[in-house]
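Undergrad: Next comes the sequence, and after it the predicted model I'd like to discuss.
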Amino acid sequence: MNRIVNGQALLILCCGFYLIWWYRGFRPGMNVNRVGGINALLLLITAVLGIAGLICCLFSTVEKSFPEKVNPVYIAVGGTVLYILSLLVTQYLFNRVVTTELILIIGWTALEMEMINRLNAGGFLTDSRFIFMCIVIATAFIISMVLYVAYYSMEEMKAFYAAMVPLITEAVTMGILIGLTT
């Protein structure tokens, strides 16, 4: 369980550094090198924290006290199907250019579903808290997808700030999970 909590904490830090990098590199009217100088360091820290958090979470083991709510294979397959459907819907129905953020949103959602699944099976997350976290994760997912689709149709400054919201909602979601399990 500690590895999951540590992984979640690393992913929260990743979101924080990503926000700083985004703020410095994508602010409208600013022309900066997004992958040079301090921005390169911020991007490197973001990537290292993200990969470390992902490894901690994915390679965590929790001794099962209860059966898993959802078979982990279903979560992985569901995430893959959700990505393909989201890619097709956003690209062809909403004419949205597909960017890396889509796979990050879907991947994060699947990861969080697996983490709460493991924590529930290990007895670290009660059934009611599991359902609560499903709702919190779904809410963060919906907010992220709405803003992902709307991004290119928004005024430049609004889009700049709107792009930060998913990082904040996902970090808050992981913070809630940590709070419910410690």
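TA: Nice, I can see it.

Undergrad: three-state assignment of the closest residue in space to Q91 that isn't next to it in sequence?
TA: Using CB to CB, 6 or more residues apart in numbering and skipping the chain neighbours, the partner closest in space to Q91 is V98 (5.4 Å). Where you see a C-beta, it was placed from the backbone N, CA and C, and this is true even at glycine. Following DSSP: H, G, I helix; E, B strand; the rest coil, V98 is assigned to coil.

Undergrad: how about the nearest residue to the residue nearest the centre of the chain, chain neighbours excluded?
TA: What sits nearest the mean C-alpha location of the chain, by CA atoms, centre = their mean, is W108, with 3.5 Å. Nearest residue to W108 in three dimensions, chain neighbours excluded: E170, at 5.7 Å (CB to CB, 6+ apart).

Undergrad: what pLDDT, on average, does the helix or strand hosting that neighbour get?
TA: Secondary structure assigned from DSSP states H and E places E170 in helix 165-181. The average pLDDT for helix 165-181 rounds to 97.

Undergrad: circling back to that earlier point, can you classify the residue nearest to the centre of the chain as helix, strand or coil?
TA: Assigned with three-state DSSP, W108 falls in the helix class.

Undergrad: measure it to L167 for me?
TA: Distance, W108 to L167, by CB to CB, to the nearest Å: 10 Å.

Undergrad: again, but for L111
TA: Going from L111 to L167 by CB to CB gives 15 Å.

Undergrad: before we move on, what about S128?
TA: For S128, the distance to L167 (CB to CB) stands at 28 Å.

Undergrad: These two: which has the busier surroundings?
TA: With neighbours defined as other CB atoms under 10 Å, S128 and L167 compare such that L167 has more, 21 against 8.

Undergrad: Wait, that one touches Y18, no?
TA: Yes. Counting by CB atoms under 8 Å, Y18 is a contact partner of L167 at 5.6 Å.

Undergrad: where does E63 land in three-state SS?
TA: Recorded secondary structure, E63: coil (three-state DSSP).

Undergrad: Pull the contacting residues for it.
TA: Taking CB atoms under 8 Å, 6 or more residues apart in numbering, we find E63 in contact with G122.
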